[in-house]
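> Sequence plus predicted model, see below.
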Amino acid sequence: MDETGIISRKTQEQIDEAKEKEARRLIESILFVSGKFLDMKALISLSDMNPIIIKELLEKLRESYEEGESALRIIEKNGMWKMDVSPEFSHLTTKLATGSSEFTKAEQETLAIIAFKQPIKQSVIVRIRGNKAYDHINKFAKLDLVKKRKQGHTHELRLSQEFYDYFGVPGPKAPEKTAAELN
């Protein structure tokens, strides 16, 4: 404080920087501990912060991971955020992963059927897995793991490239192009 009892501008900036740093660390810890995609409602509930501030902090976190030499990254998919390991280290996480996962056992089973039988009609999945499959499929579509294409009264489901990237597995090979197609 100066002689008049007013906090100096420099001191106020230091206080603001410290508050922002602490808020960024809180968001970072929420993402780290959750280990799954969180929507804005969950982030607000867990942090008790304003959504505008949360978005700014998420962007700053994402930039800091991209600029640094970190093996971590912040992923955003359809208004949901997650902290994850960079793709070049996904083989390690697959090897080390134990315990609970981001998807329930029922969701994993639904996704496995889609992966094994693709393309498959949503109505067939629902007949096999029950009505909860609608929720599973919507979650996968929201995360861009599954592509839905309207087909009559149902949807045709198939895995997206994002599925292969997300799980760190090779996708289907593109068909070889003939010499005529290359010219």
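That came through, no problem. Just so you know, these numbers come straight off a predicted model, no measurement behind them.

> in stretch 57-68, what's buried?
For stretch 57-68, burial by neighbour count (16 or more other C-beta atoms under 10 Å) applies to Leu57, Leu58, Leu61, Arg62, Tyr65. For glycine as for every other residue, the C-beta is placed from the backbone atoms N, C-alpha and C.

> Name the nearest of these relative to Gly130.
Distance to Gly130 across the buried residues of stretch 57-68 (C-beta to C-beta) is lowest for Leu58, with 35.6 Å.

> Show me what the helix or strand containing Lys41 is packed against.
Taking DSSP states H and E as the definition, Lys41 sits inside helix 40-47. Applying 3 or more C-beta pairs under 8 Å, 6 or more residues apart in numbering; DSSP states H and E, one finds that helix 40-47 contacts helix 9-34, helix 51-67.

> elements contacting the longest one?
The contact analysis (3+ C-beta pairs under 8 Å, 6+ apart) places helix 9-34 against helix 40-47, helix 51-67, strand 80-85.

> Would you mind giving those as TSV with distance to Asn131 and mean pLDDT added?
Written out in TSV, the entries for these read as follows (distance: least, C-beta to C-beta, whole Å; pLDDT from 0 to 100):
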stretch	distance to Asn131	mean pLDDT
helix 40-47	24	94
helix 51-67	32	92
strand 80-85	24	89
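
> which of the residues in stretch 78-85 are buried?
By 16+ other C-beta under 10 Å, the buried positions in stretch 78-85 come out as Met80, Trp81, Lys82, Met83, Asp84, Val85.
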